[in-house]
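Student: Whatever this is, show me its structure:
(2 chains)
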Amino acid sequence: MIKQKILNFKIVILSLILIGCSSNSNNTNNSSALSGDIKIDGSSTVYPVTEAVAEEFRVVAPNVRVTVGVSGTGGGFQKFSRGETNISNASRPIKDKEAKVCDENNISYLELSVAYDGLAVIINPENDWVDYLTVDELSKIWHPDAQNNIKYWSQIREGWPNEEIHLFGPGTASGTYDYFAEVICGKKVGTRGDYTASEDDHVLVQGVATDKYGLGFFGLAYYEENKEKLKLVGVDNGSGSVLPSMQTVSSRTYAPLSRPIFIYANNSAKEREEVKEFISFYLKNAKNLVADVGYIPLTDEEYGFEIEKFNEFIK
Amino acid sequence: MTNGEKNRLKDSIFKYIGVFACSIGLILLAIFIGNIIYDGFNRIDWSFLTSLPSRKAEKAGILTAWSGSLWIVIFTFIIAVPIGISAGVYLEEYNRKNKLTRLLEINISNLAGVPSIIYGLLGLEIFVRLSNLGSSVLAGSFTLALLILPIIIVATREALKAVPSSIRAASFGLGATKWQTTWYQVLPAASGGILTGVILAISRAVGETAPLIVVGALAYVPFTPKGPMDEFTVLPIQIFNWVSRPQHEFAINAAAAIIILLAITFTMNGIAVYFRNKWQKKINW
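Tutor: This next block holds a predicted model:
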């Protein structure tokens, strides 16, 4: 009787130990055991992608507290280079100045592309004369020299109406503006100043949608949401006119008006399991999540390449 | 037309100009609020108030945003109101007029006009970095407290000025000290005006975005603050974030969040107005 009881007791203990072991071994493979804080800050352009990833990461690793700020690419790098954040969202590559501060503070980092952002050139649906624009024509319209000189559609291509052209674009503080100015007008040239500028892209949408002689540029996602009010213009960089779309942006045939957007990881990715896990999760799941929030994913090979680059970094 | 008729005509024209000037503000506000309520009212439900932010507009909620705003407002109130009122009392009751105090007064008036982002930069350097508070609720509250201090000080001084000096003279005459006079006579009499200033100041603090972004308030926070040292986000940041999204559904979310922000502001103002009326009834000289 007593022996029986002892045996029972032993079995119970043994099974308890086994359960303990098995749950332990499960945990090491499972992100749900991870905990800690991951601090992310930077570009508001990249924010929706990172927010989506953080939201999904919370499902697999509920104890990791991921927070995302929107200080802008420059503000984000400032914190990143002081070691205040683990990951920085960026809509442009890091500048030499910023990289230098990182070096001074012994912060090594890795740039990872996570998506493409296409810039759309937009006209009013009633505009029936523009079929496409070449990069040279865009440059002619937007170059600083065009101010007070290029005022009419007829000056851009022969046969276009002798009507005033009304330009709409993001303000000079935005990364979208910087990118457009650089690839269309050249480095450190800027654009003309006499256009309707707004930091709020909805205002630009409204402007072009209500002006037959309007022309504007902004993020492709804003066109996608307002298709019925706007008309997309193809851009010809010398090898034929291309309309921006999922395929043409991701294959980079829609050039030069598509750009990659980035996250920057610092050395905490090597030392801390949860940061490493988060970035791997980011790169593995970016494809679907990027499309969800209106950006254009990289190709599978490109994501594969970024994952390799990251694995190399954390070795 | 006689001179008298002319003057009466001018008088009535001026009246209509006044009515017109008043109504512009009110009509614009009514259109704005009507528009927001039309867009956002149906979006508000329990899950909108209790959900975390999400990339899917219909699943997204404002739990962390409104709780962050509440924490910030409470701490800002605790920090700014005692300091502001004390400073106002000093300047109005104790202060002797000399060059130093004139300098103080000019500075305080100027501070009220400094753009809020400057306070953000100041807060980032002093509270976040030097005082090592990090991007916490406390750092944000200190920054906003600085921002609204001049408003509270100026309002306190105006309210104290409006208390007739005969009250002070009578109190002194009965042998009360300066402190007793201020505490038992002058401050209660001025409480209505002071509270109005506090209401205006706190309402401004609730709506601030720029300084908090600089201090490091976040956009995506999947947890509510548990203490003053936690990171946070606030409603205006959430609203700004949603407004700048291309998808129309986020604009509806933003409208709904604006209604909640207005509701919070109105409720706080309501509470303050209630106390003002209650206290003012007690004063009968």
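Student: check contacts around the residue in the stretch 151-285 of chain B positioned nearest to chain A.
Tutor: With Cβ to the nearest Cβ as the measure, B:Tyr220 is the residue of the stretch 151-285 of chain B nearest to chain A, at 3.8 Å. Bear in mind the C-beta positions are built from the backbone N, C-alpha and C, glycine included. By Cβ atoms under 8 Å, 6 or more residues apart in numbering or on different chains, B:Tyr220 lies in contact with A:47, A:50-51, A:54-55, A:66-68, B:53, B:233.
Student: Helices - which of these land there?
Tutor: Of the contacts of B:Tyr220, the ones assigned to helices by DSSP state H are A:47, A:50-51, A:54-55.
Student: Now do the same for stretch A:70-80: mean pLDDT, whole number.
Tutor: Mean per-residue pLDDT for stretch A:70-80: 88.
Student: Single out whichever of the contacts of B:Tyr220 has the smallest pLDDT.
Tutor: The member of these with the lowest pLDDT is B:Pro53, at 88.
Student: Could you tell me how many residues sit around that residue?
Tutor: B:Pro53: 24 surrounding residues under other Cβ atoms under 10 Å in any protein chain shown.
Student: Please, which helix or strand holds A:Ile261?
Tutor: strand A:258-266 (DSSP states H and E).
Student: Which other helices and strands does that strand contact?
Tutor: Packing contacts for strand A:258-266, counted by 3 or more Cβ pairs under 8 Å, 6 or more residues apart in numbering or on different chains; DSSP states H and E, involve helix A:72-81, strand A:87-90, strand A:109-123, helix A:273-292.
Student: Tell me which residues are up against the first one.
Tutor: Contact with helix A:72-81 is made by A:41-45, A:69, A:71, A:85, A:87-92, A:94-95, A:98, A:101-102, A:105, A:107, A:109, A:175, A:264, A:266, B:216, as judged by Cβ under 8 Å, 6+ apart.
Student: Of the residues you listed, grab the buried ones for ChimeraX.
Tutor: To isolate the buried members of the contacts of helix A:72-81 in ChimeraX, using 16 or more other Cβ atoms under 10 Å in any protein chain shown:
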select /A:41,42,43,44,45,69,71,85,87,88,89,90,91,92,94,98,101,102,107,109,175,264,266 /B:216
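Student: A:Lys188: neighbouring residues, count only.
Tutor: Other residues close to A:Lys188 by other Cβ under 10 Å number 7.
Student: Let me know the secondary structure of it.
Tutor: Put simply, A:Lys188 is coil when judged by DSSP: H, G, I helix; E, B strand; the rest coil.
Student: Tell me how far it lies from chain B.
Tutor: As judged by Cβ to the nearest Cβ, to the nearest Å, A:Lys188 and chain B stand 27 Å apart.
Student: Please, where are all the helices along the chain?
Tutor: All of this is about chain A. Taking DSSP H as the criterion, chain A carries its helices at A:2-29, A:47-60, A:72-81, A:96-104, A:135-142, A:175-185, A:201-209, A:220-225, A:246-250, A:268-271, A:273-292, A:300-314.
Student: um, chain B though
Tutor: In chain B, the helices defined using DSSP H lie at B:3-40, B:46-50, B:63-89, B:99-111, B:116-123, B:137-161, B:165-173, B:178-180, B:187-207, B:210-215, B:235-243, B:248-282.
Student: near chain A, which residues of chain B?
Tutor: B:52-56, B:135, B:213-214, B:216-223, B:231, B:237, B:241, B:243-248, B:251 (Cβ under 8 Å from any Cβ of the partner chain).
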